[in-house]
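1. coordinates for the following, if possible.
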Amino acid sequence: MSTEPGNALTALRDTPFELLQELERRSKLALAGPAAAKGDAQEWVGIGFRLGTDWLLVARHEVREVMIIPSQAARVPGAKPWVVGLVNVRGQLLPLVDLKQFLGAGTGGGHAARVLVLNSREFPLGIVVDEVIGFRRFLVTEFAQECPDTVVRCERYLDGSYNRGDDTWPIFNMAKLLETKEFQHVAAE
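-> The predicted structure is shown next:
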């Protein structure tokens, strides 16, 4: 294969998958700038989800799986309204929590709603969100400490954001959520 950029892409026209891989590689290099040309570009991967009108990220390592909301959830008597209930997932009980309702921004749900099953042995838990759009990849150079204001008022659980072009993706830290007394106290008064 020739080392000239145009010829390299032309040579890949009969192998669409390899062509897409090469285009993705070049796009990442262009976004990363000089550091990527040296091979120093590091990537952060998260899962994009929506709460109300806010698009957020959660670190990939904080989520074990994404699933459709189970049709049957056993209500927990005496629990706060944001505790959806308990569901049986492959023989294990999993508590479900409506994150939007916990934050005081209304109830989640709808046809696009999903459950983020947290990757925690200590707190097996499913977090109901309005929508999940899958993996989002960012270069570490796109990270910013600043967090934008959100409609659902979740700033205290945010750990910076990733910025690409005009888009800002706040990072929701599930560990911060699990550590708060308000979240741990699920009994209704």
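2. contacts and neighbour counts: CA atoms only from here.
-> Will do.
3. centre-most residue in the chain?
-> Ile47 (2.7 Å; CA atoms, centre = their mean).
4. so that residue bridges to which residues?
-> Val58, Phe135 (DSSP bridges).
5. hang on, it packs against Val58?
-> Yes. With contacts counted by CA atoms under 8 Å, Ile47 reaches Val58, the gap being 5.3 Å.
6. pull the distance from the lengthiest helix in the chain to the chain's centre.
-> If you go by DSSP state H, the chain has its longest helix at helix 16-32. From the chain centre to the centre of helix 16-32 is a distance of 23 Å (CA atoms, centre = their mean, to the nearest Å).
7. what is the rounded mean pLDDT of that helix?
-> Helix 16-32 comes out with an average pLDDT of 74.
8. then stretch 121-138?
-> 91.
9. can you list contacts of it?
-> Identification of contacts with stretch 121-138 by CA atoms under 8 Å, 6 or more residues apart in numbering yields 43-52, 57, 60, 69, 94-100, 108-110, 112-118, 162, 178.
10. so for stretch 121-135, what gets flagged as buried?
-> Buried residues in stretch 121-135, counted by 16 or more other CA atoms under 10 Å: Leu125, Gly126, Ile127, Val128, Val129, Asp130, Glu131, Val132.
11. narrow the residues you listed to those in helices?
-> Going by DSSP H, the helices hold none of the buried residues of stretch 121-135.
12. quick check, nearest of the residues you listed to Arg26?
-> Nearest to Arg26 among those: Val132, at 27.1 Å, using CA to CA.
13. break the protein down into its domains, please.
-> Annotated domains of the chain cover 5-37, 43-184 [automatic domain parsing].
14. which residues of this structure score low on pLDDT?
-> Residue ranges of the chain with pLDDT under 70: 1-7, 28-41, 108-109.
15. how about a cut-off of 80?
-> 1-9, 12-13, 18-19, 21-22, 24-41, 105-110, 151-152, 188-189 (pLDDT under 80).
16. that one: helices as residue ranges?
-> 5-11, 16-32, 34-37, 99-102, 174-179, 181-184.
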